[in-house]
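Peer 1: no sequence on hand, only this structure:
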């Protein structure tokens, strides 16, 4: 495992990598692969820790956490997946932007946001989450509704949307009457035994205690984004072991009871019909899934300075891996981190990966 981690770090110039693995609800591996002596990126004494307690930005690995939060509200009868988001009958009403809204906006449901089928606001050069860094969420949402029209009727077209998951955070706040992070910490993370997760800061000065330093490659600057504003779509800080605890609890593992009911899990892990049919793995509701939800579930994340993944397998294994840099094009490092983790778990045949 150490050799596999070292090879990944060397191939992609990764200063720090942290990994946790559980099997049937029990931790079997938890290790930080810290900064190498020969690694010179800035001032070594400012690098911060790189051990099991080190916090990393988890980027889009946040989305499954937001999805599970939405589904707990559905189980409590406080939300339906068919509820409209905007307009007079919508959960957010006309709180953001100016009404009447542009075409299709009042047709968007909670389910469209969960499945990335709102009809627009994709993760491309127009992604509002990476614009106007000084604006707060309310101003950004209002501007987006007024200036970025939807291209398709909701439900018909799949396009990964950070902005859609930002909206789900506002739905959680509207329904619970609490700030997104507070509600998730008290109602989702605490019951999983997780107390060390928090929303990231934006600048090096706002770094949390025990948080690693991020390194940009290819002229990317990890400290020139509004990560805090991405709370529900990409904002959490975590250790890999906290994410594994979350994975163990979501649908139960070993002696750990399931956080969600079986029917809720079935809905959450059923792929969106709008996702490309030819793909072996498909996006469900906050998770990528294999075998139409009966196989593995996972999500990866990528931001300037961050490459992340968490996986829950059908064979009782859960793992998470977090790194404090990324390369471009980032598909390459994403796939390599995924492959490294599969190689690690398969290096112990008894785990049955």
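Peer 2: In hand now; what should we look at? Please read all numbers here as calculations on a predicted model, not as lab measurements.
Peer 1: from here on, just use CA atoms for contacts and neighbour counts.
Peer 2: Fine.
Peer 1: with adjacent residues omitted, what lies nearest to residue 338?
Peer 2: residue 309 (7.1 Å; C-alpha to C-alpha, 6 or more residues apart in numbering).
Peer 1: can you name the residues bridging to that neighbour?
Peer 2: residue 300, residue 321 (DSSP bridges).
Peer 1: and it, how many residues sit next to it?
Peer 2: Neighbour count for residue 309, taken as other C-alpha atoms under 10 Å: 26.
Peer 1: tell me the pLDDT at it?
Peer 2: Residue 309 is assigned a predicted lDDT (pLDDT) of 98.
Peer 1: what do you get for the one 3 residues further on?
Peer 2: Looking at residue 312, its pLDDT is 98.
Peer 1: do the one 5 residues further on as well
Peer 2: At residue 317 the predicted local confidence, pLDDT, stands at 98.
Peer 1: contacting residues around it?
Peer 2: Neighbouring residues of residue 317 by C-alpha atoms under 8 Å, 6 or more residues apart in numbering: 21-24, 351, 353.
Peer 1: out of those residues, the closest to residue 193 would be?
Peer 2: residue 22 (14.8 Å; C-alpha to C-alpha).
Peer 1: what helices or strands is the helix or strand harbouring the closest one leaning on?
Peer 2: Residue 22 belongs to strand 17-23 when assigned by DSSP states H and E. On a contact count with 3 or more C-alpha pairs under 8 Å, 6 or more residues apart in numbering; DSSP states H and E, strand 17-23 meets strand 26-33, helix 240-250, strand 317-323.
Peer 1: flag every buried residue along the last one.
Peer 2: Using 16 or more other C-alpha atoms under 10 Å as the test for burial, strand 317-323 gives 317-323.
Peer 1: now, the most widely separated pair of the residues you listed?
Peer 2: 317 and 323, at 20.4 Å, using C-alpha to C-alpha across those.
Peer 1: now do the strand holding residue 22: distance to the chain's middle.
Peer 2: Remark: strand 17-23 is offset 17 Å from the chain centroid, using C-alpha atoms, centre = their mean, to the nearest Å.
Peer 1: now stretch 15-29
Peer 2: 18 Å.
Peer 1: swap in stretch 244-257?
Peer 2: Centre-to-centre, stretch 244-257 and its host chain are 18 Å apart (C-alpha atoms, centre = their mean).
Peer 1: for stretch 175-193, same thing?
Peer 2: That offset, for stretch 175-193, works out to 16 Å (C-alpha atoms, centre = their mean).
Peer 1: can you check stretch 169-184 too?
Peer 2: With C-alpha atoms, centre = their mean, you get 17 Å for stretch 169-184.
Peer 1: try stretch 329-346
Peer 2: Using C-alpha atoms, centre = their mean, the offset of stretch 329-346 from its chain centre is 17 Å.
Peer 1: same thing with stretch 210-218?
Peer 2: Remark: stretch 210-218 is offset 18 Å from the chain centroid, using C-alpha atoms, centre = their mean.
Peer 1: what's the average pLDDT for that stretch?
Peer 2: For stretch 210-218, mean pLDDT rounds to 94.
Peer 1: so where do the helices sit in the stretch 251-353 of the chain?
Peer 2: Under the criterion DSSP state H, counting those that start in this stretch, the stretch 251-353 of the chain contains helices at 262-268, 330-346.
Peer 1: ranking those helices by burial, who's on top?
Peer 2: Mean neighbour count (mean count of other C-alpha atoms under 10 Å) peaks for helix 330-346 among the helices of the stretch 251-353 of the chain, with a mean of 17.
Peer 1: and it, what does it pack onto?
Peer 2: helix 2-12, strand 297-303, strand 306-312.
Peer 1: ok, residue 111 to residue 231 distance?
Peer 2: Computed as C-alpha to C-alpha, to the nearest Å, the residue 111 to residue 231 distance reads 19 Å.
Peer 1: ok, now residue 102?
Peer 2: In terms of C-alpha to C-alpha, residue 102 sits 26 Å off from residue 231.
Peer 1: no more questions from me, cheers.
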